[in-house]
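> Pasted the sequence and its predicted model underneath.
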Amino acid sequence: MADGTKAVVDTSAADGAADEAALAEAIDALADGTARPAATAGRKDAGKTAGKATGKATGKATAPVEDDGDDAEDAGSAGNAPTGSEETSEITAPLSATEIAAELAAGDAARRAAAGTAGGSAAERPPRDPQPTHDPRDTATLPQTLPAPLRHSGDMIGNRYRLDECISSTETFSSWRAVDEKLRRAVGVHLMAAGHQRARKVLAAAKSAALLGDPRFVQVLDAVQEGELVYVVREWLPHASDLAKLLADGPMEPHEAYQMVRQVTDAVAAAHRRGQAHLRLTPRCVLRTDSGQYRINGIAVDAALRGLPAEDADEDAGRADTRAIGALLFAALTHRWPFPEDRYDLQGLPRNIGEVAPDQVRAGVHKGLAELASRALFDHPPHHAEPIATPEALARAIALMPRIRQPEPELPVFTNPPRHNTHALPTAPNPTRVVAAPGTGPTPVAAPVRNAGRRLRRVVKVTAWTVALGAIGVASWQLVDNLRPGSSAAATPEPSGTSAAPTTHTPTHDPVAVPITQAISYNPLGGGPEGTFVLDKAFDGDPNSAWTTSWYGDAFGPKGKEGTGLLLDLGTAQSVSSVNVKLVTPATAELRTPGKGVGNPTAAKPKDFTVLGKESGTSLSYELDSPVTTRYLLIWLTSLSKNPENMQHGGQYQGHIADVKVFG
């Protein structure tokens, strides 16, 4: 209506006409001897059809008829469809047409077919909410869409979380940066109306994600329905940057792209082994921390917030996540989005280009990574390569690739120093050319320098001859004295001057750096390796990156775990005289080497190692009394300290090895 009120359609006349038509059809069928079953159902369908036709004639949506779930869903979607594009948030970005078609192809095709048989054209029907109704008894009566709860900065949620800044807001939910007043730390909060059909699925997804317990995923801290509000609380990483921001300046180097796809694939494969899928993996969900570790945000929760249906089969969920990882690697290598749409500040590919490998889009792309991205992203990769359908298979393919090493840092360019007069003294000033004034003779500058050089050479020669003659005289006198009969020296010869020197002067040498080939997580007393995705950070020479252990509730001790550590492989047996270890937070650590008879140090027990030293603090220096020859060194952490509150896992006990240097 012009005044903004809803129009009510009178369908009584249409229903009467439909009833009469259905009754006449039934009478005709009886007269022919063939009775149509469920005549009343046909009358009811006719009444619905008439009601829809009347609604279309008036230009307004008709009220939903009871037990007609499809019409109710359509009416709700039509009345609440977004009028503009959704704002890209920190972790959730709007679905593109290609993504919707790929993720909802099966469900949309079935609904369009059902709509066509009911007499309505699929093109004329309003768009549906992609979230299906899994339990009609519980959710069929709930509205398809409800506006996001209106909240303001400073509002308290659950008497604990104070909203600070709205990161994004859509029609169905809003995302906030908030402060946990109880623990005094920043958190992320999603808000949704409890009456929305997606609310229960969001809660279920958040609770299942919280049980995952994998530190490679951003942790879900709370998921609560309180009155008319549903909120999900997650970790907040203040110093992390998402992949879209990392790609703003251009494509990644091969080593960084390799680290990204390896860490993300290992995490997603581990989640699939536990029955979890992401289904919404975008560049906004992949975060890199300041230590170089990649973490994944929004597992299961993002898909539930957006209304994406859960895949019917594990293979479909695995293929969706694998294709998403392939898209991330494609974008990291080419700085282009592999679909026609421009997404995440990246330019899309031309629509008619088809499926092309990254090395055909941009020159200089690493061949192995380009092939990996094509096999993960496309169902029919170029060059007849075999596609990869699951994250587990993708992780195996990455493991078979040759390791892409970090490029060597560029050394500063040194220019050749100017050539000086080689006859001059080392401390003498450089000869300067003086231009004499007209009418005056040249100033003799170089001549005194040459004379001084000649005098110095004479002095050196005289001194050398004097020392040589003195040495010859002393040696001759000792020889005559030793050959004289009755001399005690003839029976017990004294050591010569050259052999006696080491006894009076201890030989010294400058320490030589011993390179570390690899690092191995050594955790025989725990549930498995720790920090496997950042092992090389312990010896990359960058003190700002670190290998980290899992976080613990205590600092180890008699009642808890004995310790955990990092096993360093030097490649071959090397002579080791000292080891320096830099830690981020204070800890107590022992330097150990494998004992005699230990064949495989990774399978040995802590008692099978020999303790060479024990230090505490953040800068640990192990100076050995005598060098040891070994291939393996163990940094065994026996006591940890709490992380500061502003760090990740604040208040928990965790070890951080920032840099290790070995000297021979």
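Yes, it's here.
> what about stretch 602-617, average pLDDT?
The average pLDDT within stretch 602-617 is 89.
> got it, and stretch 407-419?
Per-residue scores along stretch 407-419 average to 60.
> Stretch 630-637 now?
92.
> Check stretch 547-565 too.
On average, stretch 547-565 scores 77.
> Dump it to PDB, keeping only the CA atoms.
Included here for stretch 547-565 are C-alpha records, laid out as PDB according to Å, rounded to 0.1, in the frame of the first residue of the first chain:
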ATOM      1  CA  TRP A 547      59.000 -22.300  17.600                       C
ATOM      2  CA  THR A 548      56.300 -22.700  20.300                       C
ATOM      3  CA  THR A 549      55.200 -25.600  22.400                       C
ATOM      4  CA  SER A 550      51.600 -26.400  23.200                       C
ATOM      5  CA  TRP A 551      50.100 -24.300  26.100                       C
ATOM      6  CA  TYR A 552      49.800 -26.000  29.500                       C
ATOM      7  CA  GLY A 553      48.000 -25.300  32.700                       C
ATOM      8  CA  ASP A 554      51.100 -25.800  34.800                       C
ATOM      9  CA  ALA A 555      54.800 -25.200  34.500                       C
ATOM     10  CA  PHE A 556      55.800 -28.900  34.600                       C
ATOM     11  CA  GLY A 557      57.100 -30.400  37.800                       C
ATOM     12  CA  PRO A 558      57.000 -33.600  40.000                       C
ATOM     13  CA  LYS A 559      53.200 -33.800  39.700                       C
ATOM     14  CA  GLY A 560      52.900 -33.000  36.100                       C
ATOM     15  CA  LYS A 561      54.800 -33.500  32.900                       C
ATOM     16  CA  GLU A 562      58.600 -33.900  33.100                       C
ATOM     17  CA  GLY A 563      59.300 -31.700  30.000                       C
ATOM     18  CA  THR A 564      59.300 -31.300  26.300                       C
ATOM     19  CA  GLY A 565      61.900 -30.200  23.800                       C
END
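> what sits up against that stretch?
The contact list for stretch 547-565 (Cβ atoms under 8 Å, 6 or more residues apart in numbering) reads 215, 291, 293, 519, 522-523, 525-526, 530-531, 534-535, 537-538, 566, 589, 606, 634-643, 649, 652-657. Every C-beta, even on glycine, is put in place using the N, C-alpha and C of the backbone.
> Residue 651 and residue 236, how far apart?
Here the criterion is Cβ to Cβ, to the nearest Å. By it, residue 651 lies 15 Å from residue 236.
> Which one of the two is surrounded by more residues?
residue 236 (20 against 14; other Cβ atoms under 10 Å).
> Assess the claim that that one and residue 187 are in contact.
Yes - contact criterion Cβ atoms under 8 Å: residue 236 and residue 187 qualify, at 5.1 Å.
> how near is residue 363 to residue 370?
11 Å.
> higher neighbour count, the two?
Counted by other Cβ under 10 Å, residue 363 and residue 370 do not tie: residue 370 has more neighbours, with 22 against 6.
> From residue 361, how far out is the more buried one?
Distance from residue 370 to residue 361, by Cβ to Cβ: 9 Å.
> rewinding a little: overlap in contacts of residue 236 and residue 187?
Contacts common to residue 236 and residue 187, judged by Cβ under 8 Å, 6+ apart, are residue 177.
> which residues touch the residue lying closest to residue 218 once chain neighbours are set aside?
Nearest non-adjacent residue to residue 218, counting by Cβ to Cβ, 6 or more residues apart in numbering: residue 297, 4.2 Å away. Each residue near residue 297 by Cβ under 8 Å, 6+ apart is listed here: 91, 217-218, 234, 284-287.
> before we move on, what about residue 326?
338, 372-378, 388.
> Next, find the distance separating it from residue 398.
12 Å.
> Mind listing the shared neighbours of the two?
Joint contacts of residue 326 and residue 398 (Cβ under 8 Å, 6+ apart) are residue 372.
> bridging residues for residue 185?
Judged by DSSP bridges, the bridge partners of residue 185 are residue 180.
> Mind jotting down where the strands sit in the stretch 151-300 of the chain?
Ranges of strands in the stretch 151-300 of the chain, per DSSP state E, counting those that start in this stretch, are 156-157, 161-169, 173-180, 185-193, 220-226, 229-235, 241-242, 286-288, 294-296.
> and what of the stretch 501-650 of the chain?
Going by DSSP E, counting those that start in this stretch, the stretch 501-650 of the chain shows strands at 513-514, 518-522, 547-548, 564-594, 609-639, 641-642.
> and those strands, which is most packed in?
strand 547-548 (a mean of 26; mean count of other Cβ atoms under 10 Å).
> In the sheet, which strands lie alongside that one, parallel or antiparallel?
Strand 547-548 is paired, per DSSP bridges, with strand 656-663 (antiparallel).
> Tell me which residues touch residue 193, please.
Contacts of residue 193 by Cβ under 8 Å, 6+ apart are 146-149, 172, 199, 228-230.
> how about a markdown table for these, with pLDDT and distance to residue 160 added?
Compiled in a markdown table, these are given as follows (pLDDT from 0 to 100; distance: Cβ to Cβ, whole Å):
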| residue | pLDDT | distance to residue 160 |
| --- | --- | --- |
| 146 | 73 | 24 |
| 147 | 77 | 24 |
| 148 | 77 | 20 |
| 149 | 81 | 17 |
| 172 | 88 | 24 |
| 199 | 91 | 20 |
| 228 | 89 | 18 |
| 229 | 93 | 13 |
| 230 | 94 | 15 |
